[in-house]
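> give me a model of this one.
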Amino acid sequence: MARSWGQKQPLVEKHIKDVGVGVIENHLDCFRRFVGHGKSGIYVLRKDKIIYYVGLASSLRSRLATHIKNHHRGKWNQFDLYIVKRGKRKYLVELEALLIRVAKPKGNRTEPRFIKHHNVTKQFKKALQNEASQYFPGLRN
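The predicted structure follows:
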C-alpha cells in the first residue's frame, strides 16, 4: 500500500536556524559537541538574512568551521543547519541541487544538476504552443 501524505517519514533529524557566525568563531567546541560527530546535512550561509550559499556536508561541524577561513570568509554572518537522518543521506545531493536552483545564492557559482531526471521544459513549451494554436491558428511554427 502506498504511503499517504499523512504518514510522515522524517528526512531532517534536527535543525539549527538563524545562528550568528560568532558562535563558531568563539564557541567552536560547544558547537561541535552540540552538532555531534559524523552528522551529515545541508547548511545555509546567510549575509544579513539573505541566502549567500547552500551546501551539503558529510561532517557539518567541520565544514562550517572551514568556511570561516576559506574564500567564503566575511561573506556570511549567519547560518542554518539541517541534519539529515542516517538512512536518508542518499537524498542530500538532490536536496542541495533543488535548494540551489530555487534560491540561486550568490556564493554558489554554478547551477547543480540532478542525479538523473528528465528536463521536459522544451516538450512542455511545444505542447503549450500546440494547444494555443488551436485558438490562434497564426501562432503555429
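
> only C-alpha atoms for contact and neighbour calcs from this point on.
Will do.

> the protein: helices as residue ranges?
22-26, 28-35, 60-69, 92-103, 121-135 (DSSP state H).

> least confident secondary structure element in the chain?
Lowest on mean pLDDT, DSSP states H and E among the helices and strands of the chain sits helix 121-135, with a mean of 85.

> just the C-alphas of that one, formatted as PDB.
Extracted in PDB, the C-alpha atoms of helix 121-135 (Å, rounded to 0.1, in the frame of the first residue of the first chain):
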ATOM      1  CA  THR A 121      10.700  22.100 -20.400                       C
ATOM      2  CA  LYS A 122      11.100  22.000 -24.300                       C
ATOM      3  CA  GLN A 123       8.300  19.400 -24.600                       C
ATOM      4  CA  PHE A 124       6.100  21.400 -22.300                       C
ATOM      5  CA  LYS A 125       6.600  24.600 -24.300                       C
ATOM      6  CA  LYS A 126       5.800  22.800 -27.500                       C
ATOM      7  CA  ALA A 127       2.600  21.300 -26.000                       C
ATOM      8  CA  LEU A 128       1.600  24.800 -24.900                       C
ATOM      9  CA  GLN A 129       2.200  26.200 -28.400                       C
ATOM     10  CA  ASN A 130       0.200  23.400 -30.000                       C
ATOM     11  CA  GLU A 131      -2.700  24.000 -27.600                       C
ATOM     12  CA  ALA A 132      -2.600  27.700 -28.100                       C
ATOM     13  CA  SER A 133      -2.500  27.300 -31.900                       C
ATOM     14  CA  GLN A 134      -6.000  25.700 -31.700                       C
ATOM     15  CA  TYR A 135      -7.300  29.100 -30.600                       C
END
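
> that one: which residues count as buried?
Neighbour-count burial for helix 121-135 flags Asn130 (criterion: 16 or more other CA atoms under 10 Å).

> so what's the gap between that helix and the chain middle?
32 Å (CA atoms, centre = their mean, to the nearest Å).

> again, but for stretch 73-82
On the basis of CA atoms, centre = their mean, stretch 73-82 is displaced by 13 Å from the centre of the chain it belongs to.

> burial measure for Gly107, as a count.
Other residues lying near Gly107 total 18 when counted by other CA atoms under 10 Å.

> so what's it up against?
Tyr52, Tyr53, Val54, His72 (CA atoms under 8 Å, 6 or more residues apart in numbering).
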